[in-house]
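Undergrad: need a structure here:
(one chain, ligands or ions: 1)
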Amino acid sequence: MLEEVIKSLEASPIVKKGDYNYFVNPISDGVPAMDPLLLRELALAVHKYADLNIDKIVAVEAMGIHLATALSLATDIPFVVIRKRQYGLPGETEVYQKTGYGSSNLYVNDLHEGEKILLIDDVVSTGGTLVALIKTLEDMGLDLKSVVAIIDKGDGKKIVKKETGVDVLSIVKLDVIDGKVVIESTIED
Ligand SMILES: O=P(O)(O)OC[C@H]1O[C@H](OP(=O)(O)OP(=O)(O)O)[C@H](O)[C@@H]1O
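TA: Residues are numbered from 1 along each chain as shown. Purely as a prediction, here's the structure:
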């Protein structure tokens, strides 16, 4: 079921961001172009394994958005985006996000105490993004039914578990070794 996903990830070029080995892929960057077959495989895998008894899908800007869109179309569940742009709307919550190569503020809007949500992002790597978001969303009283990171890079998922107690649902586990993406496992193994 994940043939296109694996093929595409294994072909990812690696670019350096400082010391960080950054893989470039349609799932995580929209570059090179995303084959709809690949996007469909991802949406089907999330549909199959995630808890979809939820009120909203919550995407992290930027590269959670296409994944949330595909899942929303497949499920008829609405999605909201955690943006890098501040709106200053009532109830807006700011979250500081630090990755292996940068940082920014994220802004949570239109999420309300007691709502059941699925949080989706493309990659978990240092865990900086998901740890900060999970802590904030839990403090806001949201019920995180599933936390999805399509790609678990290095120790990402393990770090999130240690820091928050939350099990991230990931479709592919990979690492960058000797300048290449190496697939370690998939959810279908
Ligand atoms: O586990 P971490 O080390 O936090 O890395 C994961 C985060 O890094 C990327 O975000 P980035 O801020 O680069 O944004 P983008 O989605 O706009 O590319 C990715 O989309 C995740 O949100």
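
Undergrad: residue closest to the middle of this structure?
TA: Nearest residue to the geometric centre of the chain (C-alpha atoms, centre = their mean): Asp121, 1.4 Å.

Undergrad: Which strand residues bridge that residue?
TA: For Asp121, the beta-bridge partners are Ala149 (DSSP bridges).

Undergrad: neighbouring contacts of the longest helix along the chain?
TA: When the chain is parsed with DSSP state H, its longest helix is helix 36-49. Contacting residues not belonging to helix 36-49 are listed as 1-5, 8, 26-27, 66-67, 70-71, 73-75, 120, 148, 150, 169, 171, 187-188 [C-beta atoms under 8 Å, 6 or more residues apart in numbering]. Quick note: C-beta positions are derived from backbone N, CA and C, even for glycine.

Undergrad: These, buried ones only, as a ChimeraX selection?
TA: Command for ChimeraX that selects the buried part of the contacts of helix 36-49, burial taken from 16 or more other C-beta atoms under 10 Å:
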select :2,4,5,8,26,27,66,67,70,71,75,120,148,150,169,171,187
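
Undergrad: Among the contacts of helix 36-49, which lie within helices?
TA: 3-5, 8, 26-27, 66-67, 70-71, 73-75.

Undergrad: pLDDT and distance to the ligand added to those, as JSON lines?
TA: JSON lines is the format used below for the ones in helices among the contacts of helix 36-49 (pLDDT from 0 to 100; distance: C-beta to the nearest ligand atom, whole Å):
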{"residue": "Glu3", "pLDDT": "95", "distance to the ligand": "24"}
{"residue": "Glu4", "pLDDT": "94", "distance to the ligand": "20"}
{"residue": "Val5", "pLDDT": "96", "distance to the ligand": "16"}
{"residue": "Ser8", "pLDDT": "97", "distance to the ligand": "16"}
{"residue": "Pro26", "pLDDT": "98", "distance to the ligand": "12"}
{"residue": "Ile27", "pLDDT": "98", "distance to the ligand": "10"}
{"residue": "His66", "pLDDT": "98", "distance to the ligand": "10"}
{"residue": "Leu67", "pLDDT": "98", "distance to the ligand": "10"}
{"residue": "Ala70", "pLDDT": "98", "distance to the ligand": "16"}
{"residue": "Leu71", "pLDDT": "98", "distance to the ligand": "16"}
{"residue": "Leu73", "pLDDT": "97", "distance to the ligand": "20"}
{"residue": "Ala74", "pLDDT": "96", "distance to the ligand": "21"}
{"residue": "Thr75", "pLDDT": "97", "distance to the ligand": "22"}
